[in-house]
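Colleague: Pasted the sequence and its predicted model underneath.
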Amino acid sequence: MVKLVMLWFVVINLIGYVVMSEDKNKARKRRDRVPEKTLFLLAAMGGALGVLIAMYRKRHKTRHLSFRIGIPLLLLLNALLYSYFLR
């Protein structure tokens, strides 16, 4: 079970980082964007760390209050859930 949870942690956070980065690239090119609810869903599914890192490394969505507050809260929730499943 521990290996599965760790694998999920790595994969979902990589996906969150890549999707957030890709949304930034699409924003620069004025193309169709990734919906915000998708970014929040990825964070809620355990990828909040990846989304948060991409958010600040790419300087994307940092002006949105919902992201500045919501993603760290989801990161806290992720930490609680991961710690529960890794006990």
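Modeller: On my side now, so go ahead.
Colleague: use CA for all of it now, contacts and neighbours both
Modeller: Noted.
Colleague: can you tell me the helix or strand for E22?
Modeller: helix 2-28 (DSSP states H and E).
Colleague: in that helix, what's buried?
Modeller: For helix 2-28, a neighbour-count test (16 or more other C-alpha atoms under 10 Å) marks 9, 12-17, 19-24 as buried.
Colleague: and the residue nearest the centre of the chain, what pLDDT?
Modeller: For the chain, the residue sitting closest to the mean C-alpha position, by C-alpha atoms, centre = their mean, is V51 at 2.6 Å. Confidence at V51, expressed as pLDDT, is 98.
Colleague: Next, it: secondary structure please.
Modeller: helix (DSSP: H, G, I helix; E, B strand; the rest coil).
Colleague: and what of H60?
Modeller: Put simply, H60 is coil when judged by three-state DSSP.
Colleague: And the closest residue to it other than its chain neighbours, how far from A43?
Modeller: By the measure of C-alpha to C-alpha, 6 or more residues apart in numbering, the closest residue to H60 outside its immediate chain neighbours is K24, 6.1 Å from it. Using C-alpha to C-alpha, to the nearest Å, K24 is found at 16 Å from A43.
Colleague: go on, S83?
Modeller: 16 Å.
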